[in-house]
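In: Build me a structure from this.
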Amino acid sequence: MSGVWVFKNGVVRLENPGSDSLQGSGGRRKVLIHTPSNEVITSYAVLERKLSSLGWERYYDDPELLQFHKRSTVHLISLPKDFSKFKSMHMYDIVVKNRNIFEVRDM
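Out: Next up is the predicted model:
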């Protein structure tokens, strides 16, 4: 794994020069999959329905972000308001906080 670890705004991420965070190996795009239904998450409306069914509640505090919190945990999922800015780092955040429910795949 090559690249540079960058710490910005309290978040650590690996940046690979010359590559988009949505691009996988061979230039393939990464997508978030809801594994129980094998459904590709294509919008925030679809994602919100899946997260709600898992006990996540929407927060409306920040108009620039979509935020979800699960009462039984300290976890908070923060996503950019614009779905076109939904990157692989956001997808992996959802995967880590919902083990065996979501996965990231190359398309």
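In: Any idea how many residues pack against residue 35?
Out: If you count neighbours by other C-beta atoms under 10 Å, residue 35 ends up with 13. Yep, even glycine has a C-beta here, placed from its N, CA and C like the rest.
In: That one and residue 79: what is the separation?
Out: According to C-beta to C-beta, to the nearest Å, residue 35 and residue 79 sit 19 Å apart.
In: in this protein, which spans are helices?
Out: Along the chain, counting by DSSP state H, helices occupy 44-53, 88-97.
In: Can you tell me which of those is most buried?
Out: Sort those by mean neighbour count, taking mean count of other C-beta atoms under 10 Å, and helix 88-97 sits at the top with a mean of 18.
In: Can you give me the neighbour number for the nearest residue to residue 97 once chain neighbours are set aside?
Out: Nearest residue to residue 97, sequence neighbours excluded (C-beta to C-beta, 6 or more residues apart in numbering): residue 75, at 4.8 Å. If you count neighbours by other C-beta under 10 Å, residue 75 ends up with 13.
In: what does residue 84 give?
Out: Residues within reach of residue 84, counting by other C-beta under 10 Å, total 7.
In: which stretches of this structure aren't confidently modelled?
Out: 1-3, 16-27 (pLDDT under 70).
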